[in-house]
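> let me see the structure of the following:
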Amino acid sequence: CFPNSKYVKRMFAVDLTTLCLAHSVVVPPVLSRCIDEVNRRGLQVEGIYRVSGSHEQMDKLRKQFDACSNVDLSQIEDIHTVAGLLKLYLR
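This is a model prediction of the structure:
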């Protein structure tokens, strides 16, 4: 029995297996997009996974991902916010 994507409406706080099966992906989109963005412009930043980003902006991004809207992480100025979103997802 495979979950249907119309019943899995969120990206955050969903079992990884359920999310991947419902959306027919190997890696959840939040993970791949955050990792790609950190690799693209954050590897030379000191304390990339240690320094906190904007909690307000992370919450806004989380809501956008949960609403399945197109989220452009390259528009986020502070790379620490993107790294923080990745950490929030993994929690």
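> centroid residue for the protein?
For the chain, the residue nearest the mean C-alpha position is residue 30 (3.0 Å; Cα atoms, centre = their mean).
> got a list of what that one touches?
Listed by Cβ atoms under 8 Å, 6 or more residues apart in numbering, the contact set of residue 30 reads 11, 12, 65, 85, 86, 89. C-beta coordinates here come from the backbone N, C-alpha and C atoms, glycine included.
> how about it, phi and psi?
Dihedral pair for residue 30: phi -60, psi -50, per degrees, to the nearest 10.
> and residue 89, how many residues sit next to it?
19 (other Cβ atoms under 10 Å).
> ok, and the closest non-adjacent residue to it?
Leaving aside its chain neighbours, residue 89 sits nearest to residue 30 (4.9 Å; criterion: Cβ to Cβ, 6 or more residues apart in numbering).
> next one: residue 51
residue 80 (4.9 Å).
> quick check: which element contains that neighbour?
helix 79-90 (DSSP states H and E).
> go on, residue 65?
helix 55-66.
> packing partners of that helix?
Judged by 3 or more Cβ pairs under 8 Å, 6 or more residues apart in numbering; DSSP states H and E, the packing partners of helix 55-66 are helix 79-90.
> what residues sit buried inside the helix it packs on?
79, 80, 81, 82, 83, 84, 85, 86, 88, 89 (16 or more other Cβ atoms under 10 Å).
> helix, strand, or coil at residue 53?
coil (DSSP: H, G, I helix; E, B strand; the rest coil).
> could you check how far the residue nearest to it when sequence neighbours are not counted is from residue 55?
Nearest-residue entry for residue 53: residue 81, 3.2 Å, with adjacent residues in sequence omitted and distances by Cβ to Cβ, 6+ apart. In this structure, residue 81 and residue 55 are 9 Å apart, going by Cβ to Cβ, to the nearest Å.
> residues in contact with the residue lying closest to residue 10 once chain neighbours are set aside?
Distances taken as Cβ to Cβ, 6+ apart put residue 66 closest to residue 10, at 4.5 Å, once the chain neighbours are dropped. With Cβ under 8 Å, 6+ apart as the criterion, the residues that contact residue 66 are 9, 10, 11, 12.
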